[in-house]
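Peer 1: Please find the sequence and the predicted model below.
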Amino acid sequence: MSSLVHGRTKIIATLGPSTDDPTVLRETLQAGVNLVRLNLSHGDHEIQRQRIEWVREALSDLGRDIGVLADLQGTKVRIGEFPEGSVRLEQGRSFVLDPHLARHAGNEEAVFISHTKIAKDVKPGDMLLLDDGLIGLRVEETKGGKVHTSVTSGGELGSRKGVNRLGGGFALGGLTDKDKEDIPFVARMEVDYLAVSFVRDAKDIHAVKKLLKSAGSNARVIAKIERAEAVENLDEILEAGDGVMVARGDLGVEIGDAELPGLQKSIIRKAIVAYRPVITATQMMQSMVNNPIPTRAEVLDVANAVIDGTDAVMLSAETAAGQYPAEAVAAMYRVCVAAERQFEPADPAMMDRTPMRRIDQAVARAAMSTAKRVGVAAIVALTESGATALWLSRFQSRLPIFGLTRHAAARRRMTLFRDVFPVAFDPTSRDPAEVTGEAIETLRRQGLLDEGDLVLMTMGDFTGVGGGTNTLKLLRVEKE
């Protein structure tokens, strides 16, 4: 098997000011990026449009596919702004959260909060956590729509930081007016995935899918698991969505840091069994915002997510606003490749208990079962939408999966699936009797297969027809 097949865990890099320089962007993409993320909480549509175009221009030279994931802002509760950019809160002092205060009039005594009915949502004794838990406030009383608190954990508090209640439970809707404006934009930009922030239940996913369909978009919906309610409703969210993201910042604040490691493992495992891709995100290499190498704790964090079976790991501020975006990607890539050598495939019995709803799912299961017994070098999936490649990837068998399709959008979607390598191949332009041989030859010419390799191929009776995978073949790569 060619040495070109490595880096099976996918890397998502958030674009931002640090990657707006063309040279930096190219170096960052070349370091091992599989998908780029647009954080729609920052920047207007014009700068986000330019970033997508810059990536697509760079790809013409890279010779590979990179997916685009857009991330909706969602109903995150935030404080307002301080004239000096931040204030210092001292432990034991009083501090007021006031939805009636001017947005830019924050000081050491009070600050605007975006949740207009927060006084009805909290009670004395509740703990409010700001800036991913760095600042702690205990609710003392609510009066006139304001929340009066005492500082339990002080420090420097910057403008527009997020606010969570320990245990979750803010009564907020799923989509903001800004989200509804952003969805037509991402449809026009033909993004591949749309991440939905602060999902509560399946209804939030269905609402986004309806808006995407109305806007003419085929983007797949990723549910960000970052609220306590989402954890309780995880099964229905997995059923409704196309994938999940373990968004550990707000999730850790709401459920408590100590609960986060076990929950991360549980979400990853449940996503795999539900045939959904899963992304692990937030502060994975946070120190690399300002430093050229990660800490050992960050290395272990990324490695453990890979060993747990996550499809992708994500960089946020490290690439969007950090000093070393390309170095952060390169470091994450090295860790992923090394951790993949320690990965133990999931128990086949776990997947065998999952009911089959489609013929191509059944073919994928048969392919992986055969692969374990025959000792093949790779699996080749002739696919229209990329769905068969997704089903195959859920079994996580250490085998590379080559997803061959004529559709660029399908190839970009496959950039999220662990173990899957998308390859451009048009079966409709070839004699049906020769499609199998030419597919193998395409991979051999690219150095992805070697002479003598034994491979499994999944395909349908009719080329160019979506959802038609019903055939499994065992083939050997012959001489040129």
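Peer 2: That came in fine, so what should we check first?

Peer 1: just checking, residue 396 touches residue 272?
Peer 2: Yes: using CB atoms under 8 Å, residue 396 is in contact with residue 272, at 7.0 Å. For every residue, glycine as well, the C-beta is placed using N, CA and C.

Peer 1: For those two, indicate the residue with more neighbours.
Peer 2: residue 272 (24 against 19; other CB atoms under 10 Å).

Peer 1: so which helix or strand takes in that one?
Peer 2: Using DSSP states H and E, residue 272 falls within helix 260-273.

Peer 1: Report the rounded mean pLDDT for that helix.
Peer 2: The average pLDDT for helix 260-273 rounds to 95.

Peer 1: by contact count, what packs against it?
Peer 2: Judged by 3 or more CB pairs under 8 Å, 6 or more residues apart in numbering; DSSP states H and E, the packing partners of helix 260-273 are helix 234-240, strand 243-247, helix 248-255, strand 278-281, helix 296-308, helix 348-352.

Peer 1: Can I get these in JSON lines including mean pLDDT and distance to residue 188?
Peer 2: JSON lines is the format used below for the helices and strands packed on helix 260-273 (pLDDT from 0 to 100; distance: least, CB to CB, whole Å):
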{"stretch": "helix 234-240", "mean pLDDT": "98", "distance to residue 188": "25"}
{"stretch": "strand 243-247", "mean pLDDT": "97", "distance to residue 188": "22"}
{"stretch": "helix 248-255", "mean pLDDT": "88", "distance to residue 188": "29"}
{"stretch": "strand 278-281", "mean pLDDT": "98", "distance to residue 188": "24"}
{"stretch": "helix 296-308", "mean pLDDT": "97", "distance to residue 188": "33"}
{"stretch": "helix 348-352", "mean pLDDT": "55", "distance to residue 188": "38"}
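
Peer 1: Select, out of the ones you listed, the one closest to residue 60.
Peer 2: Proximity to residue 60 (CB to CB) singles out strand 278-281 among those, at 26.5 Å.

Peer 1: So which elements touch that closest one?
Peer 2: strand 243-247, helix 260-273, strand 312-315.

Peer 1: can I get the ones you listed in TSV with distance to residue 473?
Peer 2: TSV is the format used below for the helices and strands packed on strand 278-281 (distance: least, CB to CB, whole Å):
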stretch	distance to residue 473
strand 243-247	29
helix 260-273	26
strand 312-315	30
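
Peer 1: Between these, which one is closest to residue 151.
Peer 2: Nearest to residue 151, of these and by CB to CB, is helix 260-273 at 24.1 Å.

Peer 1: which residues sit against that closest one?
Peer 2: With contacts defined as CB atoms under 8 Å, 6 or more residues apart in numbering, helix 260-273 is touched by 225, 231, 234-235, 238, 243-244, 246, 248, 251-252, 255, 277-278, 280, 305, 308-310, 346, 350-351, 353-354, 394, 396.

Peer 1: now it, how far from the centre of its chain.
Peer 2: 14 Å (CA atoms, centre = their mean, to the nearest Å).

Peer 1: now stretch 428-442
Peer 2: So, by CA atoms, centre = their mean, the centroid of stretch 428-442 is 34 Å from its chain's centroid.

Peer 1: Just the buried positions in it, please.
Peer 2: In terms of neighbour count (16 or more other CB atoms under 10 Å), stretch 428-442 has its buried residues at 435-436, 439-440, 442.

Peer 1: between those, which is nearest residue 25?
Peer 2: For the buried residues of stretch 428-442, the nearest to residue 25 is residue 442 (29.4 Å; CB to CB).

Peer 1: part of a strand, is the closest one?
Peer 2: No: counting by DSSP: H, G, I helix; E, B strand; the rest coil, one finds residue 442 to be helix, located in no strand.

Peer 1: C-alpha coordinates for the helix holding residue 272, PDB please?
Peer 2: What follows is helix 260-273, C-alpha atoms only, in PDB (Å, rounded to 0.1, in the frame of the first residue of the first chain):
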ATOM      1  CA  LEU A 260     -16.700  16.100  30.000                       C
ATOM      2  CA  PRO A 261     -14.200  13.300  29.200                       C
ATOM      3  CA  GLY A 262     -16.600  10.400  29.700                       C
ATOM      4  CA  LEU A 263     -19.400  12.300  27.800                       C
ATOM      5  CA  GLN A 264     -17.000  12.900  24.900                       C
ATOM      6  CA  LYS A 265     -16.300   9.200  24.600                       C
ATOM      7  CA  SER A 266     -20.000   8.400  24.800                       C
ATOM      8  CA  ILE A 267     -21.000  10.900  22.100                       C
ATOM      9  CA  ILE A 268     -18.300   9.600  19.800                       C
ATOM     10  CA  ARG A 269     -19.300   6.000  20.300                       C
ATOM     11  CA  LYS A 270     -23.100   6.700  19.800                       C
ATOM     12  CA  ALA A 271     -22.400   8.700  16.700                       C
ATOM     13  CA  ILE A 272     -20.400   5.800  15.100                       C
ATOM     14  CA  VAL A 273     -23.100   3.300  15.900                       C
END
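
Peer 1: Pull out the buried residues from it.
Peer 2: If you call a residue buried by 16+ other CB under 10 Å, then helix 260-273 has these buried ones: 260, 263-265, 267-268, 270-272.

Peer 1: circling back to that earlier point, just so I know, which of the helices and strands packed on helix 260-273 lies nearest residue 128?
Peer 2: That would be helix 248-255 among the helices and strands packed on helix 260-273, by CB to CB, at 9.8 Å.

Peer 1: Okay, now the unreliable bits of the stretch 301-450 of the chain?
Peer 2: 345-356 (pLDDT under 70).

Peer 1: Including mean neighbour count and distance to residue 209, could the helices and strands packed on helix 260-273 go into JSON lines?
Peer 2: Listed next are the helices and strands packed on helix 260-273 as JSON lines, based on neighbours: other CB atoms under 10 Å; distance: least, CB to CB, whole Å:
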{"stretch": "helix 234-240", "mean neighbour count": "18", "distance to residue 209": "8"}
{"stretch": "strand 243-247", "mean neighbour count": "27", "distance to residue 209": "13"}
{"stretch": "helix 248-255", "mean neighbour count": "24", "distance to residue 209": "23"}
{"stretch": "strand 278-281", "mean neighbour count": "27", "distance to residue 209": "18"}
{"stretch": "helix 296-308", "mean neighbour count": "19", "distance to residue 209": "27"}
{"stretch": "helix 348-352", "mean neighbour count": "13", "distance to residue 209": "26"}
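
Peer 1: Next, format the ones you listed as a markdown table and append distance to residue 316.
Peer 2: A markdown table is the format used below for these (distance: least, CB to CB, whole Å):
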| stretch | distance to residue 316 |
| --- | --- |
| helix 234-240 | 22 |
| strand 243-247 | 10 |
| helix 248-255 | 9 |
| strand 278-281 | 7 |
| helix 296-308 | 13 |
| helix 348-352 | 31 |
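
Peer 1: Of the ones you listed, give the one that comes closest to residue 409.
Peer 2: Closest of the helices and strands packed on helix 260-273 to residue 409 is strand 243-247, at 15.9 Å (criterion: CB to CB).

Peer 1: could you say what helices and strands that closest one packs with?
Peer 2: So strand 243-247, by 3+ CB pairs under 8 Å, 6+ apart, packs with strand 220-225, helix 234-240, helix 260-273, strand 278-281.

Peer 1: For the next helix-or-strand element following the first one, buried residues please.
Peer 2: The C-terminal neighbour of strand 220-225 among helices and strands, as given by DSSP H and E, is helix 228-232. When neighbours are counted by 16+ other CB under 10 Å, the buried residues of helix 228-232 are found to be 228-231.

Peer 1: Good, wrapping up.
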